[in-house]
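In: one predicted model, sequence on top.
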Amino acid sequence: HVQLVESGGGSVQAGGSLRLSCSVSSYSASRYCMGWFRRAPGQEREVVATIDRYGRTTYTDSVKGRFAISKDNAKPTLYLQMNSLKPEDTAMYYCAAEGDCLWAFGYWGQGTQVTVS
């Protein structure tokens, strides 16, 4: 069983930065594929970025060059550094984990709100 707890959300002006964190309560956290998802009001949830057990990353096109996903297996914690934030990045952001990036993510955090004005 994996428990995920996000933190670091908040309100920021356009062009600003935020760093989201997700603490992972699992002794085998390094083996998981981890991801950040977001859901804006009235929209479907979308994947923002993923990182697999080998450190390989993927990003949705709208955040490439602005966001960076990383993880610290020693803590273990997942991060999302968000720079050059835009109003369209406003959403609830969720941390997720699964055994493989090709599978549907089965472990989810409670979410943290990001508001860009």
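Out: Received the coordinates, thanks.
In: now the terminal residues of stretch 73-86, how far apart.
Out: Using C-alpha to C-alpha, to the nearest Å, the end-to-end distance of stretch 73-86 comes to 30 Å.
In: again with stretch 77-97
Out: Criterion C-alpha to C-alpha; first-to-last residue distance in stretch 77-97 is 12 Å.
In: stretch 29-47 too?
Out: The first residue of stretch 29-47 is 20 Å away from its last residue (C-alpha to C-alpha).
In: helices of this structure, start to end?
Out: Assigned helices in the chain: none (criterion: DSSP state H).
In: so who does the spatially most central residue of it touch?
Out: With distances taken as C-alpha atoms, centre = their mean, the residue of the chain nearest its centroid is residue 36 (2.4 Å). Residues in contact with residue 36 (C-beta atoms under 8 Å, 6 or more residues apart in numbering) are 20, 22, 47-50, 69, 78, 80, 93-96. Yep, even glycine has a C-beta here, placed from its N, CA and C like the rest.
In: do that again at 6 Å, thanks
Out: For residue 36, the contact set (C-beta atoms under 6 Å, 6 or more residues apart in numbering) comprises 48-49, 80.
In: pLDDT value on it, please?
Out: If you check residue 36, the pLDDT there is 98.
In: of the contacts of residue 36, just say which sits nearest to residue 26.
Out: residue 80 (18.7 Å; C-beta to C-beta).
In: now residue 81. Nearest residue, chain neighbours left out?
Out: In this structure, residue 81 finds its nearest non-sequential neighbour in residue 68, 4.5 Å apart by C-beta to C-beta, 6 or more residues apart in numbering.
In: repeat for residue 13
Out: Counting by C-beta to C-beta, 6+ apart, residue 117 is the residue found nearest to residue 13 once chain neighbours are left out, at 6.0 Å.
In: count the neighbours of the one you found for me.
Out: 10 (other C-beta atoms under 10 Å).
In: now swap in residue 72 and tell me
Out: The number of residues packed near residue 72 is 13, by other C-beta under 10 Å.
In: what's across from it in the sheet?
Out: Beta bridges link residue 72 to residue 77, judged by DSSP bridges.
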